[in-house]
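Colleague: this one's sequence-less:
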């Protein structure tokens, strides 16, 4: 498995991953009826952001986007989002993408990485982020309408990078 | 003082307020170089959101926008933003706008109101929100680059509305 910058040839596979994840509506606060055009505008980052894919040969296993979390006085904190194809889960794709994003953000000199809305029932993601240095800053109760679990909390998670000495 | 829906005649005064607040870069994570066109797109809400002004006659003292905090599975939680003209601060304009937004969100059936990034040194805002039922869910440390205070924290604040019985 390799993680590399998104190529335009990858988009059809990336769109299938996004469509499935967004339609399931279990892990992201995105509109489940998002069109391909909206998905492209939302997922394909412009500089200073970056969109990458985890690939096995030509097959896209997962995708990540990363960039500043907020503009202006908040632009020194990064954020990232990750999606893994349903039949590639449990194989370390999320880990590879998360590590890539953290390395990217550190090299760019960001002060940390923030996740704004991690669904608390998405334990795979919460555990992955914890293992990579993120802590739960707080949880907004019942802020996510889960299709089977009802209203569950959304975590704000943050990983502050060590300050350069 | 009255709070009412934004009228197109109000926009020049609203833009002056936004420009001053955004340029000061002390309270909002917005791009300080925001153009008038960008400000309009950012501040003037489309339904189901709403933008209002606090007025004294024809004079705009402050403005607020409100709407769903997130799309899709997060759309049952509202958010709002408030700006008060520099020479109208301390006169209850923020309070009037905050009360208006809370009433609007309750009437629309939202489950609560979330503020995603309240600058911790903006004590006027933090105290106002606390008095109106908001609590600090968590604080992302050093996430806001303040022009004189250095890097200060950003609070996530939440007010969950009582459930209809």
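Modeller: Received it, and whenever you're ready, just let me know what you need. A quick note: this is a predicted structure, and the numbers were derived from the prediction, not measured.

Colleague: Only C-alpha atoms from now on, for both contacts and neighbour counts.
Modeller: OK.

Colleague: Name the nearest residue to residue A:128, sequence neighbours excluded.
Modeller: residue A:95 (6.9 Å; C-alpha to C-alpha, 6 or more residues apart in numbering or on different chains).

Colleague: so which strand or helix has that neighbour?
Modeller: Taking DSSP states H and E as the criterion, residue A:95 maps to helix A:93-107.

Colleague: burial of the nearest residue to residue A:157 once chain neighbours are set aside, as a residue count?
Modeller: Excluding its sequence neighbours, the residue lying closest to residue A:157 (C-alpha to C-alpha, 6+ apart) is residue A:136, at 4.5 Å. For residue A:136, the neighbour count with other C-alpha atoms under 10 Å in any protein chain shown is 19.

Colleague: Please list all residues in contact with residue A:136.
Modeller: A:155-158 (C-alpha atoms under 8 Å, 6 or more residues apart in numbering or on different chains).

Colleague: Quick check on those: which are buried?
Modeller: Judged by neighbour count, with 16 or more other C-alpha atoms under 10 Å in any protein chain shown as the criterion, the buried members of those are A:155-158.

Colleague: of all these, which comes closest to chain B?
Modeller: For the buried ones among the contacts of residue A:136, the residue nearest chain B by C-alpha to the nearest C-alpha is residue A:158; the value is 7.0 Å.

Colleague: SS state for the closest one?
Modeller: Under the three-state scheme (DSSP: H, G, I helix; E, B strand; the rest coil), residue A:158 adopts strand.

Colleague: Kindly report the same for the one 4 residues further on.
Modeller: Secondary structure, three-state DSSP: residue A:162 is coil.

Colleague: give me phi/psi at the residue lying closest to it once chain neighbours are set aside?
Modeller: In space, and not counting its chain neighbours, residue A:162 is closest to residue A:111: 7.9 Å by C-alpha to C-alpha, 6+ apart. Dihedral pair for residue A:111: phi -80, psi -20, per degrees, to the nearest 10.

Colleague: how close does residue A:152 sit to residue A:146?
Modeller: Distance of residue A:152 to residue A:146, computed by C-alpha to C-alpha, to the nearest Å: 7 Å.

Colleague: Between those two, which is the more surrounded one?
Modeller: For residue A:152 versus residue A:146, neighbours defined as other C-alpha under 10 Å are more numerous around residue A:146 (20 against 17).
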